[in-house]
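In: One predicted model, sequence on top.
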Amino acid sequence: AQSVTQLGSHVSVSEGALVLLRCNYSSSVPPYLFWYVQYPNQGLQLLLKYTTGATLVKGINGFEAEFKKSETSFHLTKPSAHMSDAAEYFCAPGGSQGNLIFGKGTKLSVKP
Amino acid sequence: EAQVTQNPRYLITVTGKKLTVTCSQNMNHEYMSWYRQDPGLGLRQIYYSMNVEVTDKGDVPEGYKVSRKEKRNFPLILESPSPNQTSLYFCASRQWASWVETQYFGPGTRLLVL
């Protein structure tokens, strides 16, 4: 069955620290991978996506993710956290039916 | 402006009272879908549609109906809502042809069933 795992439902970092949000997907899903962000009381916004080509993908707001097929991972990183990064982040591989298979989400808190 | 709209944004209803949440997109997308979001569970797909008159079940279709009579609209129907359908609902659309295309999400509809 197609699945995705986001390690850590809550992650807390200090402002200026590295952000690392982990995502592992089952090898049965197509290699199309997305990260979405949801700010409090808002909808979903695409951060970045991997479809083909370079495995290191840069997105908005300074985020990037690296597709590692051998590890079935697509971890999201940002070198220096800002207070405005506090939100919930969803990893979502593309499913075989054209759907997105969402992880359970990771809530990121940023401490001053 | 490319967008997906949903109405209503907030809805409080009672058990058993039929309701419809509308979804409309202005991008001529073939693919549309509905998700529900529950705390700790992420988003789960309810139904999807690959084109007009073509719909199929997602992961959690029980208690829901959809229709796709026009390309731009994809309403979600709850014939007899129950409290376990209290949730945040998102409609989404994209071009079917390729995963390169971005999936756009509506702003969400928060539903409370008493």
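Out: Cool, the structure landed. Residues are numbered from 1 along each chain as shown, chains lettered A, B, ... in the order given.

In: what about B:Gln45, how many neighbours?
Out: 24 (other C-beta atoms under 10 Å in any protein chain shown). Yep, even glycine has a C-beta here, placed from its N, CA and C like the rest.

In: Make sure it is actually in contact with B:Val66.
Out: No - using C-beta atoms under 8 Å, B:Gln45 is not in contact with B:Val66; the gap is 11.4 Å.

In: Near chain A, which residues of chain B are found?
Out: Residues of chain B found near chain A (C-beta under 8 Å from any C-beta of the partner chain) are B:31, B:33, B:35, B:40-45, B:48, B:50, B:56, B:58, B:90, B:92, B:96, B:98-100, B:102-103, B:105-108.

In: Any chance of a ChimeraX selection covering the buried ones in those?
Out: Selecting only the buried entries of the residues of chain B next to chain A in ChimeraX, with 16 or more other C-beta atoms under 10 Å in any protein chain shown as the criterion:
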select /B:31,33,35,42,43,44,45,48,50,58,90,92,99,103,105,106,108
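
In: Could you tell me which of the residues of chain B next to chain A belong to helices?
Out: Within the residues of chain B next to chain A, no residue falls in helices by DSSP state H.

In: So which of the residues of chain B next to chain A are in strands?
Out: Members of the residues of chain B next to chain A lying in strands (criterion: DSSP state E): B:31, B:33, B:35, B:42-45, B:48, B:50, B:56, B:90, B:92, B:105.

In: which two of the residues you listed lie the greatest distance from each other?
Out: B:Gly42 and B:Met50 (22.9 Å; C-beta to C-beta).

In: residue contacts, A:Tyr50?
Out: Going by C-beta atoms under 8 Å, 6 or more residues apart in numbering or on different chains, A:Tyr50 touches A:31-34, A:57, A:65, A:67, A:74.

In: can you redo those residues as TSV with distance to B:Leu112 and secondary structure?
Out: Output for these, formatted as TSV (distance: C-beta to C-beta, whole Å; DSSP: H, G, I helix; E, B strand; the rest coil):
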residue	distance to B:Leu112	secondary structure
A:Pro31	39	coil
A:Tyr32	34	coil
A:Leu33	34	strand
A:Phe34	29	strand
A:Val57	38	strand
A:Ala65	35	strand
A:Phe67	39	strand
A:Phe74	35	strand
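
In: Which members of these additionally contact chain B?
Out: A:32, A:34.

In: And the contacts of A:Tyr50, which is closest to B:Thr5?
Out: A:Phe34 (21.9 Å).
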